[in-house]
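# Could you work out the structure for the sequence below:
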Amino acid sequence: YDRLSFAHRTAELMASLTHENGIDRVLEESVAYFGADAAAVVGDDVRMFSPESVPRGEAQRAVMQVALDAVRAGQPLAVHSSDTGSAALAVPLRVKGRLDRVCCLWRREGSFTDDQLEGLALVARILEMSLENRVLLDDVREQLQGTLMALSNLVELRQPDYVNHSSHVADLCVSVGVALELDASDVADLKLAAVLHDVGMLEVPLEIL
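So this is what the prediction gives:
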């Protein structure tokens, strides 16, 4: 029940925050929940949280090593070093069936339990779903962008005086959004709205246009 509760908390964070901020908060809360000294998601980049009292270089080397070991193994992994007394957990994250990143925990002293590995695996599943949803959303957005541009082109074909008009309006909207320091997703929405703003002209009789 405790593990499911934390997994639910992870889902809430990923749903209510931007993707990057959600991962950062999940890592921060995972350090406290699992009693770790560092938590990270390792992929093309490394997002890691560790308290200020923990040497960041040491923590980063440790999570990179266990992430590499997990990639080699292709499955969740628990590691304990008898030399240093440290321990680590790693769970591969797969997006559309492809190994994409690794979720890691590291502790300078002591070991993790099997229950904690299962708990991290639950968190990893939530992160996987969030990553996959992001990829799917990007795909849909790209397809939508193509459809909207086609609609915009149809408007310009009906009204030659409007050639490049939607593109110019979109550029202006993006500039204003950036100047207002809006989130990237809001700027993208502004751009789509600008491309669409004259689409109603497709239904307006030519004599009125």
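# Skip ahead from the lowest-mean-pLDDT helix or strand in the chain and say which helix or strand is next.
Least confident helix or strand of the chain, by mean pLDDT, DSSP states H and E, is helix 114-158 with a mean of 80. Per DSSP states H and E, the first helix or strand lying C-terminal to helix 114-158 is helix 165-179.
# which secondary structure elements does that next one contact?
Helices and strands touching helix 165-179, by 3 or more Cβ pairs under 8 Å, 6 or more residues apart in numbering; DSSP states H and E, are helix 114-158, helix 184-196. In short, each C-beta sits where N, CA and C put it, glycine included.
# Now tabulate these in a markdown table and tack on distance to Leu93 and mean neighbour count.
Formatted as a markdown table, the helices and strands packed on helix 165-179 follow (distance: least, Cβ to Cβ, whole Å; neighbours: other Cβ atoms under 10 Å):
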| stretch | distance to Leu93 | mean neighbour count |
| --- | --- | --- |
| helix 114-158 | 5 | 16 |
| helix 184-196 | 22 | 16 |
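# Quick one: closest of these to Glu207.
helix 114-158 (12.1 Å; Cβ to Cβ).
# Okay, angle between the closest one and helix 165-179 too, please.
For helix 114-158 against helix 165-179, the angle by axes from the mean of the first three to the mean of the last three Cα atoms, to 10 degrees is 140 degrees.
# Name all residues that make contact with the residue nearest to Val195 when sequence neighbours are not counted.
The shortest distance from Val195 to any non-neighbouring residue, by Cβ to Cβ, 6 or more residues apart in numbering, is to Leu148 (4.7 Å). By Cβ atoms under 8 Å, 6 or more residues apart in numbering, Leu148 lies in contact with 192, 195-196, 199.
# And the closest residue to Arg56 other than its chain neighbours, its phi and psi?
The spatial neighbour of Arg56 that comes closest, neighbours along the chain excluded (Cβ to Cβ, 6+ apart), is Ser50 at 6.1 Å. Dihedral pair for Ser50: phi -150, psi 150, per degrees, to the nearest 10.
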